[in-house]
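In: this one's structure only:
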DNA sequence: TTGACATCGGACACTCATGTCTGATTTATT
DNA sequence: AATAAATCAGACATGAGTGTCCGATGTCAA
């Protein structure tokens, strides 16, 4: 509780030098990229991409596991920030969801490979817990949509969120497979998600 | 074309002994189970589950890659067979799709782990090609539904198929995470898929 | 029953990745 | 310019997995 703050200023035990900060950033970026394309990327491969020597990684991350944890937090943090920037609490629910999706889906798609990695590495519960920084922002939006009759009220919020995430990943996967043209993908994806979670106008 | 037959009787170069057939079956089953829970399962682990010694696997499959290929075909084959048994060409499209999903979704969910494995191992195109034995059966069903006005005509067939598959996997994932009770899962999944791909009664 | 087939049990060489350690060198900070 | 911090380059031990080989034992099929 009192150990970690969001601003991360006070609890710094000893200050890191500027080049160390740069190394850490380069390593996280490289790991993100490498692991997204191949979840089994080695430390050597990540180091190569980051432009540092393998031992340097171990200066900042004690083990491979620790690096993977950091990368996970890093990725989730980026998506959470983009989500926040799209103001999910503002406006009519359907429009708000579409706005958030347009702002975040490419990032989410980029991290698609990480999901497979963490699905194997972490328990389903732990994985879900780590996604909370994003999910906690979307949950109120879905709930609001249900209360206002815009979204299906017969299905759990957690399920609608899962389906949304799933369709986003499917879109990126279909693009890679060449079956969905990139220019159309965004509209197709959003149209599909809305079709899936919107309340029917009466037809059951 | 003339090399492989569906009945697989004529092209057998030399007949295998009965215990060898048993071993192969045990290995495939064990591999399926092991790889579904951990895509990085070792040959030792698979051999242990199959109740054979590791070297025995290499008698029937020259390399790990070859085993993985065989397991993939085996899994797809099982789903394809179950699909065929549900008669996707019979009756009204919405009912037909629901019937096929009820008949195959647990199997699909069981192979969920394999997907992650093969996503890393194969190209997106190759992966799609291997799924054809199942997809080729569902494609006509979706097309028929579009023609009859039951399914959304504004989205590509391949996309509707991808979304369907995706939601099936999401259901199994949510069950594992404890956020979707197993008893409800089947209805929730089918209701969601139909909601996603059915044509709106007029509302856009 | 007999001979070929198949598995067993274990050993072996090989590769690859992880994590640690060293001394030398470069870079940031004051 | 001086000091501390950080990186480099490379070596090392360790562990795990793959693929191969062997003699011995068991089992199917004719």
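Out: Perfect, thanks for sending it. Model, not experiment: these values are computed from the prediction.
In: surely residue A:191 and residue B:159 touch.
Out: No - under the criterion of C-beta atoms under 8 Å, residue A:191 makes no contact with residue B:159, lying 10.1 Å away. To be clear about C-beta, it is placed using only N, CA and C from the backbone, and glycine gets the same treatment.
In: compare those two (neighbour count), which wins?
Out: residue B:159 (23 against 16; other C-beta atoms under 10 Å in any protein chain shown).
In: after the strand or helix carrying the more buried one, which helix or strand is next?
Out: Per DSSP states H and E, residue B:159 falls inside helix B:157-176. Scanning forward in sequence from helix B:157-176 by DSSP H and E, the next helix or strand is helix B:182-197.
In: and that following helix, what does it pack onto?
Out: If contacts are counted by 3 or more C-beta pairs under 8 Å, 6 or more residues apart in numbering or on different chains; DSSP states H and E, helix B:182-197 sits against helix A:157-176, helix A:182-197, helix B:93-110, helix B:157-176.
In: quick one: low-confidence parts of chain A?
Out: Along chain A, segments meeting pLDDT under 70 span A:1-14, A:201-204.
In: can you list the buried residues in the one helix or strand residue A:20 maps to?
Out: Assigned by DSSP H and E, residue A:20 belongs to helix A:18-37. Buried residues in helix A:18-37, counting neighbours by 16 or more other C-beta atoms under 10 Å in any protein chain shown, are found at A:23, A:24, A:26, A:27, A:28, A:30, A:31, A:32, A:34, A:35, A:36.
In: near DNA strand C at all, it?
Out: Yes - counting by C-beta under 7 Å from any atom of the strand, contacts between helix A:18-37 and DNA strand C involve A:18, A:19.
In: starting at the chain centroid, how far to that helix?
Out: Centroid separation for helix A:18-37 versus its chain: 17 Å, with C-alpha atoms, centre = their mean, to the nearest Å.
In: quick one: contacts for residue A:49?
Out: A:30, A:33, A:34 (C-beta atoms under 8 Å, 6 or more residues apart in numbering or on different chains).
In: I'd like those residues laid out as a markdown table, including distance to DNA strand D.
Out: Formatted as a markdown table, the contacts of residue A:49 follow (distance: C-beta to the nearest atom of the strand, whole Å):
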| residue | distance to DNA strand D |
| --- | --- |
| A:30 | 12 |
| A:33 | 18 |
| A:34 | 16 |
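In: and of the residues you listed, the nearest to residue A:79?
Out: residue A:33 (15.6 Å; C-beta to C-beta).
In: nearest spatial neighbour of that closest one, skipping sequence neighbours?
Out: Leaving aside its sequence neighbours, residue A:33 sits nearest to residue A:49 (C-beta to C-beta, 6 or more residues apart in numbering or on different chains; 6.4 Å).
In: coming back round to it: among the buried residues of helix A:18-37, which one sits closest to residue B:167?
Out: residue A:36 (23.3 Å).
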